[in-house]
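Asks: Sharing a sequence plus its predicted fold:
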Amino acid sequence: MQKTKKQILSEIDDILKDRQDKSKQLAKQNKDLAYSKTDAYKYVCLCHDLIYKLGISKAKKENTKSLELELEKNKKLLVEELKKVDLKIQDLKVVPSCSECNDTGFVKNKMCKCYKKLLNEKLLENSGLSKSKLPSFKSVNFEVFNNNVLDNVKKLYSFAENYTNKENPEKTFVTICGKVGVGKTYLTECMLNEYIKQNKFVQFITSFELNNIFLNYHLANIENKKEILDYILNCDVLVIDDLGTENILKNVTVEYLYLIISERQRNKKITIITTNLNPNEISEKYDERIFSRLCDKQNCYLFNFEGSDLRLKK
Ligand SMILES: [Zn+2]
């Protein structure tokens with residue numbers, strides 16, 4: 001079962017809390033060891049005391065030379081004591097794994113790099129793509145495409161890259177029709193990579209999996225229904241891959257597909273659909289309503305590679 005955004009954020013909070021606990025625990029262990037096996041505690045107290053006195057002395061603008069020397073001497077003695085148990089002064093302090101945010105995840109109310117890294121890992125883990133790394137637009141190798149399709153493919157990739165960087169695209173649906181070989185799935189992975197970097201909650205689902213979810217939904221008790229479709233309806237970016245390869249289940253496939261499509265269009269949620277069908281075949285396999293939502297240029301950006309030879313170079 002996919003997680004909700006709320007669940008993901010709460011998991012990250014737990015990880016950060018755990019990091020904080022671990023570094024506190026480590027400092028405590030080190031202190032316990034040093035203070036029980038050596039005279040370190042004595043010198044820690046002396047140093048604290050001297051630092052306090054130095055502060056007062058400085059405030060009174062007195063000569064602090066002798067206090068400074070005394071502090072230096074005691075620090076050296078502390079270092080010597082700690083060496084006996086293989087520790088350094090630093091080891092007695094709480095050292096967070098991220099020094100920028102002290103493992104709170106935020107710096108001045110802004111997401112810290114460590115938090116973003118965790119979030120992006122979790123978003124990918126939860127995306128439905130069983131990959132630990134996604135391809136990026138920068139790494140697309142156009143040499144694998146035949147010359148007769150190269151212009152079209154380049155146009156599509158360039159559109160997709162611009163599209164993913166738009167804050168509020170005019171149309172939130174993209175339909176990519178075409179036979180095997182344009183790298184449709186690869187393209188959607190590049191897009192999802194960009195969306196994850198923008199901390200968007202993304203979902204990749206094949207039409208086959210989607211059809212099974214529709215069936216579960218259809219058969220579920222009314223009280224369980226909402227949860228089943230929730231993440232598909234509400235995720236920031238949805239990819240439906242290979243539409244048309246699923247079997248049409250009576251009263252299920254077309255009905256719920258239309259529900260998902262119309263709800264997401266109404267809520268202006270980005271949805272990317274790849275299919276081996278051409279627009280005519282979409283209208284035949286589903287119905288006029290779905291055809292109009294997915295192929296009418298008023299509702300979506302349509303890329304139709306029908307007719308071109310899109311095979312990859314061998
Ligand atoms: Zn951080």
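Replies: Received, thanks.
Asks: Kindly report the residues of the stretch 1-150 of the chain close to the ion.
Replies: 98, 100-101, 112, 114 (C-beta under 5 Å from the ion). C-betas here are computed from N, CA, C, even on glycine.
Asks: Those in strands, which ones?
Replies: Within those, no residue falls in strands by DSSP state E.
Asks: Mind giving me the PyMOL select for those, buried ones only?
Replies: PyMOL command restricting those to the buried ones, with burial defined by 16 or more other C-beta atoms under 10 Å:
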select buried, resi 98+101+112+114
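Asks: so what are the domain limits for the chain?
Replies: Using automatic domain parsing, the domain parsing of the chain gives 18-98, 129-304.
Asks: and among those, the most buried is which?
Replies: domain 129-304 (a mean of 17; mean count of other C-beta atoms under 10 Å).
Asks: about what we covered before: same list (the domains of the chain) but as JSON lines, adding distance to residue 106 and mean pLDDT.
Replies: Shown next, in JSON lines, are the domains of the chain (distance: least, C-beta to C-beta, whole Å; pLDDT from 0 to 100):
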{"stretch": "domain 18-98", "distance to residue 106": "11", "mean pLDDT": "95"}
{"stretch": "domain 129-304", "distance to residue 106": "14", "mean pLDDT": "92"}
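Asks: of those domains, which approaches residue 6 most closely?
Replies: domain 129-304 (10.1 Å; C-beta to C-beta).
Asks: what about that closest one, how long is it end to end?
Replies: Domain 129-304 has an end-to-end distance of 25 Å (criterion: C-alpha to C-alpha, to the nearest Å).
Asks: which helix of the protein spans the most residues?
Replies: In the chain, assigned by DSSP state H, the helix with the most residues is helix 5-37.
Asks: and that helix, what other elements does it pack with?
Replies: helix 40-59, helix 113-125 (3 or more C-beta pairs under 8 Å, 6 or more residues apart in numbering; DSSP states H and E).
Asks: Make a markdown table out of the ones you listed and add distance to residue 169.
Replies: Below are those laid out as a markdown table (distance: least, C-beta to C-beta, whole Å):
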| stretch | distance to residue 169 |
| --- | --- |
| helix 40-59 | 59 |
| helix 113-125 | 20 |
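Asks: residues in contact with stretch 238-252?
Replies: Contact with stretch 238-252 is made by 184-185, 188, 191-192, 202-208, 210-211, 214-215, 218, 232, 253-254, 260, 264, 269-277, 281-282, 285, as judged by C-beta atoms under 8 Å, 6 or more residues apart in numbering.
Asks: Next step: the residues you listed restricted to helices.
Replies: Counting by DSSP H, the part of the contacts of stretch 238-252 found in helices is 184-185, 188, 191-192, 207-208, 210-211, 214-215, 218, 232, 253-254, 260, 264, 281-282, 285.
Asks: thinking again about what came up before, restricting to the contacts of stretch 238-252, which residues neighbour the ion?
Replies: Okay, of the contacts of stretch 238-252, nothing touches the ion (C-beta under 5 Å from the ion).
Asks: re the thing from before, which one, of the domains of the chain, ends up nearest to residue 8?
Replies: domain 129-304 (7.7 Å).
Asks: Thanks a lot, see you next time.
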